[in-house]
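1. no sequence for this one, just the structure:
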């Protein structure tokens, strides 16, 4: 019985590498622009039909405009801004930022209208959470 050498195996590996490289040279796939909404509209959509709103926004990048209620850090030291509708009562959206966003957050004021972009996580008892947020200038 004749043994196959490394030649055929190397040819197969070379073909796989060339194929992978060729796939990487195609034009980039355009990324979808984030959904844009307000805190008021987002909360209304979740109130009207949580299943539909979660399918539309859940685990997706959202650009959200609202009124700054708090600017602080959570118990783990993560920078955090709570956006609301601006009314005295009501839910809001908790936006969690990376540490490098602190200079932008230092420029915010309570009561100011701000726009953030981040990944919408889930709805909870007091509102909605987003992570990986950044201030949109």
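-> In hand now; what should we look at? Bear in mind the structure is a predicted one, so any value in this text is a computation, not a measurement. Residues are numbered from 1 along each chain as shown.
2. give me the low-pLDDT residue ranges for the chain?
-> Residues of the chain that meet the criterion pLDDT under 70 lie in 1-31, 88, 90.
3. Check the spacing between residue 131 and residue 93 real quick.
-> 11 Å (CB to CB, to the nearest Å). Bear in mind the C-beta positions are built from the backbone N, C-alpha and C, glycine included.
4. buried ones in stretch 65-74?
-> Residues of stretch 65-74 classed as buried: 65-69, 71 (neighbour count, 16 or more other CB atoms under 10 Å).
5. Same list (the residues you listed) but as a markdown table, adding secondary structure.
-> Output for the buried residues of stretch 65-74, formatted as a markdown table (DSSP: H, G, I helix; E, B strand; the rest coil):
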| residue | secondary structure |
| --- | --- |
| 65 | strand |
| 66 | strand |
| 67 | strand |
| 68 | strand |
| 69 | strand |
| 71 | strand |
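6. from these, which single one is nearest residue 121?
-> Set against residue 121, the nearest of the buried residues of stretch 65-74 by CB to CB is residue 66 (16.2 Å).
7. Between residue 131 and residue 93, tell me which one has more neighbours.
-> Higher neighbour count among residue 131 and residue 93: residue 93, with 26 against 14, using other CB atoms under 10 Å.
8. Run through the helices of this protein in chain order.
-> 6-24, 39-48, 50-57, 102-105 (DSSP state H).
9. Could you pull up the contacting residues of the residue nearest in space to the middle of the chain?
-> Nearest residue to the geometric centre of the chain (CA atoms, centre = their mean): residue 119, 1.9 Å. Going by CB atoms under 8 Å, 6 or more residues apart in numbering, residue 119 touches 59-62, 130-132.
10. Can you report how many residues lie near residue 95?
-> Residue 95 has 28 nearby residues by other CB under 10 Å.
11. ok, now residue 61?
-> 17.
12. Spit out the contact partners of it.
-> Per CB under 8 Å, 6+ apart, neighbours of residue 61: 34-35, 117-120.
13. same question, residue 64
-> 36-39, 42, 83, 93, 95, 115-118, 130.
14. now do residue 63
-> So residue 63 contacts 34-37, 115-117, 136 (CB under 8 Å, 6+ apart).
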